[in-house]
Structure formats: C-alpha cells, structure tokens
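>>> Generate coordinates for the sequence data below:
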Amino acid sequence: MDTSSASNDSTVTSDGHDSGKAPTADPNATLGRHVARRLVQIGVEDVFSVPGDFNLTLLDHLIAEPGLNNIGCCNELNAGYAADGYARARGVGACVVTFTVGGLSVLNAIAGAYSENLPVICVVGGPNTNDYGTNRILHHTIGLPDFSQELRCFQTVTCYQAVVNNLDDAHDQIDTAISTALKESKPVYISISCNLAAIPHPTFIREPIPFSITPRLSNKRGLEAAVEAAAAFLNKAVKPVLIGGPKLRVAKASSAFVELADACGYPLAVMPSAKGLVSEEHPHFMGTYWGAVGTAFCGEIVESADAYLFAGPIFNDYSSVGYSLLLKKEKAIIVQPDRVVVANGPAFGCILMKDFLQELAKKVNKNTTAYENYRRIFIPDGVPPKSEPKEPLRVNVLFQHIQKMLTGNSAVIAETGDSWFNCQKLKLPSGCGYEFQMQYGSIGWSVGATLGYAQSVPNKRVIACIGDGSFQVTCQDISTMIRCGQKTIIFLINNGGYTIEVEIHDGPYNVIKNWNYTAFVDAICNGEGKCWTTKVYCEEDLVPAIETASGEKQDCLCFIEVIVHKDDTSKELLEWGSRVCSANSRPPNPQ
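You can find the predicted model right below:
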C-alpha cells in the first residue's frame, strides 16, 4: 500500500499522537489582511485608492480590517497626493492602485513625496503569479511580455521596492518595505500579485508579531566631537543666528531646535519649506529666511551674521531665489538628519540631529546680540490701504482677512503659485498646521494633499489657498472631500491663468479658459453631501462669506471663489520670478 500521501497529510498533536490532518492557516490570515494590519500598526487609518482589476481582491481584504478605512479617489494622481498630505500630518500615508496603468499615473505624486521626504506606502495590485515568465502579453501594459517596466520606473522615486509573487517570502518583503519607508522617510513600492491577496498562509497569523524598528543611535564619540567643534565656533561669534530647514520633520527635531534657541538666545528663522515646523510665537522668531523675498529684516540679520546654524536645510534654485542668497560656507554649520559640517571644514557622520541640537544647547553661551540688532531695525508690517466701497478685491486684503481666521485648530495648505508667497506671510498661531510642496512644486498638488491632510486631522479646519490654474489640474477630488464629509474652506483665487509662470516667463500658454468654478463644485456636489459655494468680488462680499463659512456653514465644505485682477500679485512673486527667470536663462558656459 502507498502511504506517502497519508504521511504527507498528517501532523503530530501536542500529546505526541498523529492527528492525520495537515496544519491549516486561519482563514482570516491572508496576505491582504496582513498588509492591512501592518498599515494600522504604523498609524495608517485611511488608505487612498483607485480600483482596477489587478487590485480588487486586495481592496476587499484591506477594507475587511476594522481599523482601516478605504477612501476611493477620482484618479491615481490625487490618491498619491492625498497619501502625501496624510503623511505630513500623520507621519506615514498609503495608497493602492492597479498595475502599470494605475502605477504610472500615481508615479508623479510618489516622486513628489520622495522629494519632500515623506514615507508613503504605494501598493500596486500586480499580475497573476502564473503569468510571470510565460511570454504572455497582458492588458494595462505597453504590449511587451516584460512586466518590469513599472518596477523600473518606481526604482528611481522610492527607497525600496518589493515584488510579492510568492507567499513564502511575502511577510518578510512587506515588513522590510514598510520599515524601510519609516527609517528612510521616503516612499516605497509594494507590488502584490492579484491572485495572492486572498490566500491564507501560516506566516500571516491573526495577531502578528508587533511591528517594530530598531532605533538609530548617534556615534557617541562623533557626537561629542561635533558638539565641541560647533560650540567653539558659535561661542567665538559675535552675531550668530539659527535657521530651521524642512528636514527638521524627517529628523523629528523641531522640539530640539527650539530647545537650542531657548538656551542660546540667538534670533531664529525658518526656510520657506520649514514654515509650520517651528512655533512662530517663540520670543526670538524673526520669520522666513528666503533671501530677497523673505520676511522683512530677517534676511538682513541672517546674511550679516558672522555665524549661522542651518538645521535640516534644502538649498535649491527656488529656496535660494535663483542662487542669490548671500551666504558663505565658512560661516555656516550645516546640520542634516545624520550629519554635521562645521564651517565648511570638519564633517561628522552617524550623528542624529535631535541628539546634536540637544547636546549643543548645553554647551553654547547665551548671546542675544543679533536678536537685539533685529529689534533695533524692526518695523511692524504695513497695513493694506482700506478698500474703497465696491472696489475690486485686492489679494493683500484677502490675506488680511485669512490671517484673522487662523487659530490653533486651523491648518493652511498653500498651492504652488502666488499662494506660496501670500501664505508665507501669514503669522501662524501655536498649533496651526502649515504645508506646501516647495521642492517638487507640482501644480495641482494641493487638492489631493488637502483631502489627505484633512482626513488625517479631523479636529482641525483646513484652509486651502488654490489658484485657478492649479485647480483645473486636479479638481475632481473635491468630490471625495464632500463624500468624506470634510469641512475644509477652499479659497479659489481666480486671476485667469498661471500667474507664477507669467512672472517667470510670460506667453500665451499661461492663459487658461475661465470656468464658473462655483457652478462646477455645485455640479460635483449634486445635492449629495454638505457643500456651500459663493463668489466674492469685493471686500463687502468677502466679509460675510468668511462669517458664513466660519459660523453657519462650519460643518460643511466651503468653496469661496475670489475674483481678482490677473496682475494682482505679491511683490515677493515679482522679485522671485525675475530672479528665477535670470537663473533659468543663463547661457551655456564656454566650452
């Protein structure tokens, strides 16, 4: 008698007897549920998705997880932007799309998250495992039997890629991808074959091993040496200053930066993309350091200092205003999340920014000279001239009223364009959030990002400032905001074109078709969900509109279209645009 199959199907019980049954996995212990539980464990409660035939079963298993809410978006680009906005508020975000046709659509948003150092888990439903290596041509591809095109695209904009087409190593691949995203603060790509999501497997136990990441530690001797070198450099300076950069977020070092500011007495500023990462109510806060277009008197104090410490900076042509910052490397201490360079000289690696700033606070001498100089030259901001009755609304008057709306329970989302510069001048109350995408500068980013950010912090009223040109790129997901019951206030600033591009280089391509934006949003709402819209032409229209949005309509999405003149821009955009234009138009260097 052949006993091989019987012996293969039997197992031994705990008391040593042969049960005659093979071990079976918990029917709920599927790959899809494992992914869902891991997302919940790292703090993701909402996942942004667009369905496609390669990810439908995976979505079934994700939404079966009680702690995870699926938010269907109108397109993949906005799903990616929403995960970006969610990650800014929550510390990590996730989106789910389908193979190639969805993956390449979300790619731009993932590239933006990579540039802004945001951990976004991008999950793609991939081909059936049986199709790999068969020379078959699949739909949603470019017609070649090579399925690696999407993977190769994501390799350039993610810090880790996992292609899961085998259950035996799926657990390890997924955990490695998620932990890498959190450690590197960058997006990762996870492709899951469409026929695997529903299959139970012994590695996906109902209560998985708790997810944990080995903490990074500073090299103790390197930390001591870096602190000694930096303290010696700063303590001999006459007028040192502090500037916070966007990588304070990555390093989770905002509190340590303020601790150093408290200890040293230096004036402090932030780079434009770090606005909101440091309390603007700190007694020595000067504003935004952005060269010629920053807060008045801030740039003069920074650039006349004999020592400046930059914590987590990103210097590019935008943040440097066309490379026009008057900084010298020999005067600078550059502190990155895991590296310190002192005065263009000694460099110290394997040092965490948080540790360095905290230890440096214990070594620096109190020096308020630069701050006292700032107070001597400081003149309060001017007030826009009072509007004449029924005078067309000016942008500076609009933002004067937006300023009055801000509280600790607010958050501001600023779209690429003149909103960058106008929102930058807002003074944020303690607790008020602030986000914009400066490094990547993708027009239209703010619609999806507003959706994701508002979903992550339902206790805050989000105020989004979006230009008409940007809105036309990604407007569809206003629909998702309404469906989710969000209470955002959107100021649609209608000036008839791509104004930021006009100020860099004008041409007929910067003029766009004007829409009836309030009617458009009303059509999207279509009587389902809470939404209120209005048009504003003058200050007399604006005041009651804001009162209504803040009072009677505080529990619904409010869309306020603001009609302004096409040439009504901030003076900062005019200056910035001319300098960026000059940088862009430099002739080739002689060969």
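
>>> All the helices of the stretch 101-250 of the chain, residue numbers only.
Listed in chain order, the helices of the stretch 101-250 of the chain (DSSP state H, counting those that start in this stretch) span residues 103-115, 149-154, 170-184, 220-235, 248-251.

>>> let me redo that: the stretch 251-400 of the chain
254-264, 298-303, 353-361, 369-377, 395-405.

>>> Can you list the neighbours in contact with stretch 561-576?
When contacts are defined by Cβ atoms under 8 Å, 6 or more residues apart in numbering, stretch 561-576 is touched by residues 290, 292-293, 321-322, 392-396, 398, 418, 420-422, 424-425, 491-497, 499-500, 503, 517-518, 533-537, 542. Yep, even glycine has a C-beta here, placed from its N, CA and C like the rest.

>>> Now do it, average pLDDT.
Averaged over stretch 561-576, pLDDT sits at 80.

>>> Then stretch 334-343?
97.

>>> Over to stretch 374-393?
Taken as a whole, stretch 374-393 has a mean pLDDT of 91.

>>> I'd like the distance from it to the chain centre, please.
Here the centre of stretch 374-393 is set off from its chain's centre by 32 Å, with Cα atoms, centre = their mean, to the nearest Å.

>>> Give me the buried positions along it.
Residues of stretch 374-393 classed as buried by neighbour count (16 or more other Cβ atoms under 10 Å): Tyr374, Leu393.

>>> and the helices of the stretch 251-400 of the chain, which is most packed in?
Mean neighbour counts were taken over those using mean count of other Cβ atoms under 10 Å, and the top value, a mean of 23, falls to helix 353-361.

>>> That one to helix 254-264, inter-axis angle?
Between helix 353-361 and helix 254-264, the angle formed by their directions is 10 degrees, by axes from the mean of the first three to the mean of the last three Cα atoms, to 10 degrees.

>>> name the helices or strands packed onto helix 353-361?
helix 220-235, helix 248-251, helix 254-264, strand 332-336 (3 or more Cβ pairs under 8 Å, 6 or more residues apart in numbering; DSSP states H and E).

>>> Among these, which comes closest to Ser179?
helix 248-251 (15.9 Å; Cβ to Cβ).

>>> tell me what the closest one is packed against?
In terms of contact count using 3+ Cβ pairs under 8 Å, 6+ apart, helix 248-251 is assigned the packing partners helix 353-361.

>>> How far off centre is the helix it packs on?
Taking Cα atoms, centre = their mean, one finds the center of helix 353-361 at 25 Å from the center of the full chain.

>>> any idea of the angle it forms with strand 332-336?
Counting by the same axes, to 10 degrees, helix 353-361 points 140 degrees away from the direction of strand 332-336.

>>> what's in contact with helix 353-361?
Outside helix 353-361, the residues that touch it by Cβ under 8 Å, 6+ apart are 218, 223-224, 226-227, 230-231, 234, 247-248, 251-253, 256-257, 259-260, 262-264, 311-312, 335-338, 340.

>>> now stretch 521-532, how far from the centre of its chain.
A distance of 28 Å separates the C-alpha centroid of stretch 521-532 from that of its chain, computed with Cα atoms, centre = their mean.

>>> Name the residues of it that are buried.
By 16+ other Cβ under 10 Å, the buried positions in stretch 521-532 come out as Val521, Ile524, Cys525, Gly529, Cys531, Trp532.

>>> Out of those, give me the two with the largest separation.
Based on Cβ to Cβ, the longest span within those runs between Ile524 and Trp532 and measures 13.0 Å.

>>> Tell me where the stretch 51-200 of the chain has strands.
Ranges of strands within the stretch 51-200 of the chain are 69-72, 93-98, 120-126, 161-164, 188-193, based on DSSP state E, counting those that start in this stretch.

>>> what domains does the record give for the chain?
31-193, 220-377, 395-577 (automatic domain parsing).

>>> end-to-end on the longest one?
In this case it means domain 395-577. In terms of Cα to Cα, to the nearest Å, the two terminal residues of domain 395-577 are separated by 18 Å.

>>> Please apply the same query to stretch 155-169.
Start and end residues of stretch 155-169 are separated by 20 Å (Cα to Cα).
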